[in-house]
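**Q** build me a structure from this.
(chains A and B)
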Amino acid sequence: MSTTHAPIAGQTPPDVHFRSDATEMPALSIDGVSHSYGARRALIDVNFIVAPAKFTALLGLNGAGKSTLFSVITRLFGVQAGRISIFGYDIRRDPGEALRRMGVVFQPRTLDLDLSVMQNLQYHAALHGIDHPEARMRAGELLARIGLADRAGSKVRDLSGGQMRRLEIARALLHRPRLLLLDEATVGLDVKARADIFNHVRQLVTEQGIGVLWATHLFDEIVPSDDLVVLHQGRVLAHGQVARIIADTGAQDINSSFMRLTETAAEFGSLSP
Amino acid sequence: MISVIIKDQPAGFSFAQYVTCLNGIVWREGLRFVHQRERFISALVRPLVWLFIFAAGFRQVLGISIIPPYETYILYEVYITPGLMAMIQLFNGMQSSLSMVYDREMGNMRTLLVSPMPRWYLLFCKLLAGTVVSVLQVYAFLLIAWFWDIEPPPIGYLTVLPALVLSGLMLGALGMLISSGIRQLENFAGVMNFVIFPMFFASSALYPLWRVQEGSPMLYYVCLFNPFTHAVELTRFALYGQMNWTSLAVVSSCTAIFMIGAVFAYDPSRGLSRRGPAGGET
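**A** So this is what the prediction gives:
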């Protein structure tokens, strides 16, 4: 896997402009979404957008509601309140059109351990209606890109954690989505595997124009040029470019900026449901 | 500045794409079954034990009079063969539902549920895939039973196929419906005790209903209203090239009801959302 786009703070992205048929349409639009588990409110009036060809980090501590939000966006949970659309397709009214434009890497592993690498990809392709020869061709290309071409016939259970994650990302890209969601994709990986995956995803943004929503609780995975959504106890505390959020909070870095935001929210009691 | 134009995808799916999806799900279910040799062996051993041991022991105790579809006196082994065929499908249906619970716990179910294909169609494909596996098991059982002098008319091997598909769909849909309500894998043992055994024993699989009626009229009505009884009778008649219309109607109706129930139960707004995210996620 190439590492040409290291996450260096202040790095200027290449001057590439992506135009979509669906012009000016946000890749993902979350509008007033709330979700509860019984009496417990996991998401409270969440609003933000993910622009096409943009890396958007969703930052929140454990328990902030990131995975719940992912489950609602991917239609695993129904939308209880608010509206979610992907490139203009409402997830409730046009779930098929919305889902086919989106690739997802969930926090827990979702690969079939007893199938081979290629079989996992072919299964995913079939679920998207991609025929066998086309699926093999696309899978071959993706495996070559993530450095797993020689493991196509290997059982997934024989792969390392980092290889599994790369495979999951490749699988999420197999149907050529224009929005990629990754929920804590680097959790449990070593430094090298983390960097590989991180750089690979950033390349997808700069080279293929894919909009990315990257959920994380790690500050070092965010760079100043990213868009950032700060989610805390189910609420969005800030949304915008990282550098601007840091400046607005009068902090030196994203770490202290996050601390100020959460402390302020607690002081004003806005977090009580 | 480089300009990249991203073409939007055409809306909707073609018929060929639906077929590709079905093939993929059946293929994956088949691969899974092949990888689980123990499952195949146990699926065959269970009915064969009933056939070779239980039926041999009870042959002298239970007399079977001439009842449709049989035209002459038959051995007890011959009588219970359709019941054992349906038993294979019953266990397979529950096994499929067990694997759905397992998939849900392991996270694999998400791969299926985030597919852009309609959810009802995905569940139907999953159901059909399980049915294909169960039908293959039944034919493997019939092959072995043939060497044990269980020899239905040759045409019966063909005419029984639609009946096996239909009863497989019904029992698979029942398993799917049950699995949607099971929260954890550990709870599945309860299903075995409260669903499989009562369904199997309170049916015409092991003894004709007129015999049950002589012993207990109440149990007779329980058996009569048990959908599994009708899966057995549909199979029994079809194996001899005949049709039991009542059983066909019951099995068809129950398949539709269980399937609609399963689709409803897997609806995200009514199913998964009540359970909350998987452990460790927030």
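**Q** list the buried residues of the helix or strand containing residue B:131.
**A** If you go by DSSP states H and E, residue B:131 is part of helix B:119-146. For helix B:119-146, burial by neighbour count (16 or more other Cβ atoms under 10 Å in any protein chain shown) applies to B:119, B:121-138, B:141-142, B:145. C-beta: built from backbone N, CA, C; applies to glycine.
**Q** please apply the same query to stretch A:150-170.
**A** Applying a neighbour-count criterion of 16+ other Cβ under 10 Å, one finds A:151-152, A:155-156, A:159, A:162-170 buried in stretch A:150-170.
**Q** and the residues you listed, which of them are in helices?
**A** In helices, defined here by DSSP state H, the members of the buried residues of stretch A:150-170 are A:162, A:163, A:164, A:165, A:166, A:167, A:168, A:169, A:170.
**Q** JSON lines please, covering those residues and showing distance to chain B.
**A** Formatted as JSON lines, these follow (distance: Cβ to the nearest Cβ, whole Å):
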{"residue": "A:162", "distance to chain B": "18"}
{"residue": "A:163", "distance to chain B": "17"}
{"residue": "A:164", "distance to chain B": "12"}
{"residue": "A:165", "distance to chain B": "13"}
{"residue": "A:166", "distance to chain B": "16"}
{"residue": "A:167", "distance to chain B": "12"}
{"residue": "A:168", "distance to chain B": "10"}
{"residue": "A:169", "distance to chain B": "14"}
{"residue": "A:170", "distance to chain B": "14"}
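**Q** make TSV out of these and add pLDDT.
**A** TSV is the format used below for those (pLDDT from 0 to 100):
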residue	pLDDT
A:162	86
A:163	89
A:164	91
A:165	89
A:166	89
A:167	93
A:168	92
A:169	90
A:170	91
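**Q** redo those residues as TSV? Include distance to residue B:264.
**A** Listed next are these as TSV, based on distance: Cβ to Cβ, whole Å:
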residue	distance to residue B:264
A:162	40
A:163	39
A:164	34
A:165	35
A:166	37
A:167	34
A:168	30
A:169	34
A:170	34
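**Q** contact partners for residue 149?
**A** Using chain A. Counting by Cβ atoms under 8 Å, 6 or more residues apart in numbering or on different chains, residue A:149 makes contact with A:140, A:143.
**Q** meant chain B actually
**A** Contacts of residue B:149 by Cβ under 8 Å, 6+ apart are B:75, B:77.
**Q** now the helix holding residue B:131: average pLDDT?
**A** When pLDDT is averaged along helix B:119-146, the result is 92.
**Q** and the next element down the chain from that helix?
**A** Proceeding N to C from helix B:119-146, the next assigned helix or strand is helix B:156-181, under DSSP H and E.
**Q** and that next one, what does it pack onto?
**A** helix B:76-106, helix B:119-146, helix B:227-239, helix B:245-265 (3 or more Cβ pairs under 8 Å, 6 or more residues apart in numbering or on different chains; DSSP states H and E).
**Q** show me where the stretch 1-150 of chain A has helices.
**A** A:66-73, A:95-100, A:117-127, A:132-145 (DSSP state H, counting those that start in this stretch).
**Q** distance of residue A:54 relative to residue A:98?
**A** 18 Å (Cβ to Cβ, to the nearest Å).
**Q** ok, the two, which is more surrounded?
**A** residue A:98 (24 against 21; other Cβ atoms under 10 Å in any protein chain shown).
**Q** for the more buried one, give its distance to chain B.
**A** 8 Å (Cβ to the nearest Cβ, to the nearest Å).
**Q** burial check on the residue in the stretch 151-273 of chain A that chain B sits nearest to, number of neighbours?
**A** In the stretch 151-273 of chain A, the residue that lies nearest chain B is residue A:209 (5.5 Å; Cβ to the nearest Cβ). Neighbour count for residue A:209, taken as other Cβ under 10 Å: 20.
**Q** how about residue B:114?
**A** Residue B:114: 24 neighbours (other Cβ under 10 Å).
**Q** enumerate every residue touching it.
**A** With Cβ under 8 Å, 6+ apart, residue B:114 has these contacts: A:74, A:75, A:76, A:99, A:104.
**Q** at 6 Å instead, please
**A** A:74, A:99, A:104 (Cβ atoms under 6 Å, 6 or more residues apart in numbering or on different chains).
**Q** repeat that for residue B:230.
**A** B:247, B:250, B:251.
**Q** repeat that for residue B:258.
**A** Neighbours of residue B:258 in contact, by Cβ under 6 Å, 6+ apart: B:173, B:174, B:177.
**Q** buried subset of these?
**A** Here, 16+ other Cβ under 10 Å leaves B:173, B:174, B:177 buried among the contacts of residue B:258.
**Q** list just the nearest of those to residue B:70.
**A** For the buried ones among the contacts of residue B:258, the residue nearest residue B:70 by Cβ to Cβ is residue B:174; the value is 28.2 Å.
**Q** touching, residue B:173 and residue B:259? I think so.
**A** Yes. Assessed by Cβ atoms under 6 Å, residue B:173 is found in contact with residue B:259 at 4.4 Å.
**Q** surely residue A:252 is within a helix?
**A** No. Counting by DSSP: H, G, I helix; E, B strand; the rest coil, one finds residue A:252 to be coil, located in no helix.
**Q** how much space separates the residue in chain B positioned nearest to chain A from residue B:50?
**A** Residue nearest to chain A within chain B (Cβ to the nearest Cβ): residue B:24, separated by 2.1 Å. According to Cβ to Cβ, residue B:24 stands 35 Å off from residue B:50.
**Q** so between the two, which is more surrounded?
**A** Higher neighbour count among residue B:24 and residue B:50: residue B:24, with 25 against 20, using other Cβ under 10 Å.
**Q** from residue A:129, how far off is the closest residue to residue B:121 other than its chain neighbours?
**A** Closest residue to residue B:121 apart from its sequence neighbours, by Cβ to Cβ, 6 or more residues apart in numbering or on different chains: residue B:18 at 6.9 Å. Distance, residue B:18 to residue A:129, using Cβ to Cβ: 7 Å.
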